[in-house]
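S.K.: Predicted model follows, preceded by the sequence.
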Protein chains: 2
Amino acid sequence: MIVVGSGAGHLEEEVRALGGELVEVEIKKFPDGEKYVRVLGSGDEALVVQSTFKPQDENLIELLLIGDALRERGFTKLRAVVPYLAYSRQDRVTKEGEPISVRAIMREIGLYYDELYVFDLHNPETLRFFPGKAVNLSPARAIAEYFKDKLGDGVVLAPDKGARARARAVAEKLGLEYSHFEKKRVSPREVKMWPVDIDVVGKNVLIVDDIISTGGTMVKAANLLRARGAEKIFVAATHGVFAEGAIERVSRAVDELAVTNTIPTPVSRISIVPDILAL
Amino acid sequence: MIVVGSGAGHLEEEVRALGGELVEVEIKKFPDGEKYVRVLGSGDEALVVQSTFKPQDENLIELLLIGDALRERGFTKLRAVVPYLAYSRQDRVTKEGEPISVRAIMREIGLYYDELYVFDLHNPETLRFFPGKAVNLSPARAIAEYFKDKLGDGVVLAPDKGARARARAVAEKLGLEYSHFEKKRVSPREVKMWPVDIDVVGKNVLIVDDIISTGGTMVKAANLLRARGAEKIFVAATHGVFAEGAIERVSRAVDELAVTNTIPTPVSRISIVPDILAL
């Protein structure tokens, strides 16, 4: 049984179309701003899908309230699917006095849920903060399928070394070559970057990352690839946490920008719903 | 050491003026809407003051992040003072499938805090959901002091039988008589109400309640008291969760409306800060 929260309303139609058994929920806000939830179904196990993009705190509290309602209703096993996990980039203390915010959020979810499923977590090591079983799902299948025909016998690139495993996962599904961009700071304001050990001349290229916010790196990488003679340039990311104007900036610099639907955006054309239904 | 969150910013100046030792905190929002907190101080025990009025979910998550930061910084004992606790009226399942939302919130706070202090909780029985020590503080001292001179040898009334203990607490501090209004539904749309066993002719009256939202009951009670010959009529409540227009409606019907500063409103003239500093 699947429960869809406010933060996953954009996935509901596809969940239903693909045969997911949905439990109806009533979700509203009182005039004072408090959320009200009510679960109209009973059972033993439930999969609660709730992405936690903006307003992230409301979506997090709603996930808690749905958990309480399901426990009260007698559900014994609850799995939370949080396609985009808020606070995942606040994963370490960089200045004394800071929290590890993602830890607090994982503990909060752990109050009611036995298992947690997220997509392409910024720092997978932080999964250890969840008190139960926690799984980091890969968007590689979805991204590979979406770009298969467009990419042809092109190559897959990561924008930096840290994202190399992401590029590899997509490339392997397509039987293509992959590599990453090396970066070097050449002055306080300038970072030089170049693709390592790979020939892009006349080839289609897909650049893959976890999150796009300003899109600055992607635009720079695309311009570099053009200058080096790449054919078509595509950009894919799991989470489209776009800053103002970022979609337009990246779209102008590449042949196509597409992200998954962990967050609903105008370019969320790659669906992770089949991966959720496979759980 | 006292840490003041965004939901208690309106109390900070008075905490400082009354000698509270404040720990500086940096609180901001990232462009994507995520909160960032940083605690600029160290120690062993801290009292974190955070009221959770609208935007209540943001204030709740911020309380969690402050807790994580303090634990990370080495604090061993944390007490949360939540003057107004969000979701406190969602205290029972009235329709199958609902959560007991206040339980979820108390458990969430219990992830990081050893003790919880709230003011005039809607249903004090729900304190049992907090995993540690939980205390319901009374606003009676603050309300009694504020209205002492204005009320003179008047009487204190509760708007219904359930709030009678609240009226008694204030009356006893002032050495005055107290009672409550009895209510009876006389038709589907009409409820009759009258003050029980007390004479209000020529007397000043203070009506005391926990929360005012629409203010409908208070206006009705005030009009009844006027018709029965009461002198001045005052209304006090702990939490001013005012619906649109409620302050004006009640103010027009009485001589003075004043609430405590658990929630900042234009009529939050009664301070609970001394009670916090006494903890």
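M.R.: Here it is on my side, so go on.
S.K.: helices or strands next to the helix or strand encompassing A:Val186 in the packing?
M.R.: Counting by DSSP states H and E, the element that carries A:Val186 is strand A:177-187. The criterion is 3 or more Cβ pairs under 8 Å, 6 or more residues apart in numbering or on different chains; DSSP states H and E, and the helices and strands that strand A:177-187 contacts are strand A:155-158, helix A:164-174, strand A:190-195. Any C-beta I mention is one placed from the backbone N, CA and C, and that applies to glycine too.
S.K.: Check what pLDDT A:Pro139 gets.
M.R.: A:Pro139 is assigned a pLDDT of 98 by the prediction.
S.K.: Nearest residue to it in space, please, no chain neighbours.
M.R.: The shortest distance from A:Pro139 to any residue other than its chain neighbours is 4.6 Å, reached at A:Thr238 (Cβ to Cβ, 6 or more residues apart in numbering or on different chains).
S.K.: now that neighbour, what's its secondary structure?
M.R.: Put simply, A:Thr238 is strand when judged by DSSP: H, G, I helix; E, B strand; the rest coil.
S.K.: Against A:Thr260, how distant is A:Val155?
M.R.: Here the criterion is Cβ to Cβ, to the nearest Å. By it, A:Val155 lies 21 Å from A:Thr260.
S.K.: what about those two, which has more around it?
M.R.: Each of A:Val155 and A:Thr260 has its neighbours counted (other Cβ atoms under 10 Å in any protein chain shown); A:Thr260 has more, 27 against 23.
S.K.: show me the contacts for that one.
M.R.: A:83, A:119, A:139, A:142-143, A:237-240, A:268, A:270-272 (Cβ atoms under 8 Å, 6 or more residues apart in numbering or on different chains).
S.K.: Which of those are buried, as a PyMOL select command?
M.R.: Only the buried members of the contacts of A:Thr260 enter the following PyMOL selection, criterion being 16 or more other Cβ atoms under 10 Å in any protein chain shown:
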select buried, chain A and resi 83+119+139+142+143+237+238+239+240+268+270+271+272
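S.K.: Do a quick rundown of the helices in chain A.
M.R.: Using DSSP state H, the helices of chain A run over residues A:12-17, A:56-72, A:101-110, A:140-151, A:164-174, A:216-227, A:246-253, A:273-277.
S.K.: any chance of those helices in CSV, with distance to B:Leu174 too?
M.R.: What follows is those, written out as CSV (distance: least, Cβ to Cβ, whole Å):
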stretch, distance to B:Leu174
helix A:12-17, 57
helix A:56-72, 40
helix A:101-110, 43
helix A:140-151, 68
helix A:164-174, 69
helix A:216-227, 65
helix A:246-253, 62
helix A:273-277, 61
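S.K.: quick one: which of those helices is nearest B:Val39?
M.R.: Ranking the helices of chain A by their distance to B:Val39 (criterion: Cβ to Cβ) puts helix A:101-110 first, at 12.8 Å.
S.K.: Could you list every helix and strand that that closest one packs against?
M.R.: Helix A:101-110 packs on helix A:56-72, strand A:115-119, helix B:56-72, going by 3+ Cβ pairs under 8 Å, 6+ apart.
S.K.: List of residues touching the second one?
M.R.: Same thing as strand A:115-119. Defining contact as Cβ under 8 Å, 6+ apart, one finds that strand A:115-119 is touched by A:78-85, A:88, A:106, A:109-110, A:127, A:130, A:132-139, A:238-239, A:260, A:262, A:272, A:275-276, A:279.
S.K.: Drop anything exposed from these.
M.R.: A:78-85, A:88, A:106, A:109-110, A:127, A:130, A:134-139, A:238-239, A:260, A:262, A:272, A:275-276.
S.K.: tell me which helix or strand of chain A sits lowest on mean pLDDT?
M.R.: Of all the helices and strands that make up chain A, strand A:190-195 has the lowest average by mean pLDDT, DSSP states H and E, namely a mean of 91.
S.K.: Could you tell me which strands that strand is paired with, and in which direction each runs?
M.R.: Sheet neighbours of strand A:190-195, with direction, are listed as strand A:177-187 (antiparallel) (DSSP bridges).
S.K.: angle of the partner strand against helix A:216-227?
M.R.: With axes from the mean of the first three to the mean of the last three Cα atoms, to 10 degrees applied, the angle from strand A:177-187 to helix A:216-227 works out at 110 degrees.
S.K.: domains in chain A, as residue ranges please.
M.R.: Here the domain parsing of chain A from automatic domain parsing is A:2-137, A:140-270.
S.K.: How about the residues of the stretch 101-250 of chain A by chain B?
M.R.: Within the stretch 101-250 of chain A, the positions lying close to chain B (Cβ under 8 Å from any Cβ of the partner chain) are A:101, A:103-105, A:107-108, A:111-112, A:213, A:241, A:243-244.
S.K.: Kindly give a single PyMOL line that selects the buried subset of those.
M.R.: Under the burial definition 16+ other Cβ under 10 Å, those of those that qualify are selected in PyMOL by:
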select buried, chain A and resi 101+103+104+105+107+108+111+112+213+241
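S.K.: Identify, from the residues of the stretch 101-250 of chain A next to chain B, the entry nearest to chain B.
M.R.: When these are compared for distance to chain B (Cβ to the nearest Cβ), A:Ala104 comes out closest, at 4.2 Å.
S.K.: Return the residues in contact with the closest one.
M.R.: Taking Cβ under 8 Å, 6+ apart as the definition of contact, the neighbours of A:Ala104 are A:87, B:61, B:64-65, B:67-68, B:111-112.
S.K.: Contact partners for the closest residue in space to it that isn't next to it in sequence?
M.R.: If you skip the residues right next to it in sequence, A:Ala104 has B:Asp68 as its closest partner in space, 4.2 Å away by Cβ to Cβ, 6+ apart. With contact taken as Cβ under 8 Å, 6+ apart, B:Asp68 is in contact with A:99-101, A:103-104, B:112.
S.K.: State the pLDDT value of B:Asp68.
M.R.: 98.
S.K.: A:Arg189 now?
M.R.: What the model reports for A:Arg189 is a pLDDT of 88.
S.K.: just wondering, since we're on it, how far is it from B:Glu115?
M.R.: From A:Arg189 across to B:Glu115, the span is 50 Å (Cβ to Cβ).
S.K.: before we move on, the earlier item: I'd like the helices and strands packed on helix A:101-110 as a markdown table, with distance to A:Leu11 appended.
M.R.: A markdown table is the format used below for those (distance: least, Cβ to Cβ, whole Å):
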| stretch | distance to A:Leu11 |
| --- | --- |
| helix A:56-72 | 13 |
| strand A:115-119 | 12 |
| helix B:56-72 | 21 |
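S.K.: Quick check: nearest residue in space to A:Arg226, chain neighbours excluded?
M.R.: Nearest non-adjacent residue to A:Arg226 (Cβ to Cβ, 6+ apart): A:Ile233, at 6.8 Å.
S.K.: The one you found touches A:Arg252, doesn't it?
M.R.: No. Applying Cβ atoms under 8 Å, one finds A:Ile233 not in contact with A:Arg252, separated by 11.6 Å.
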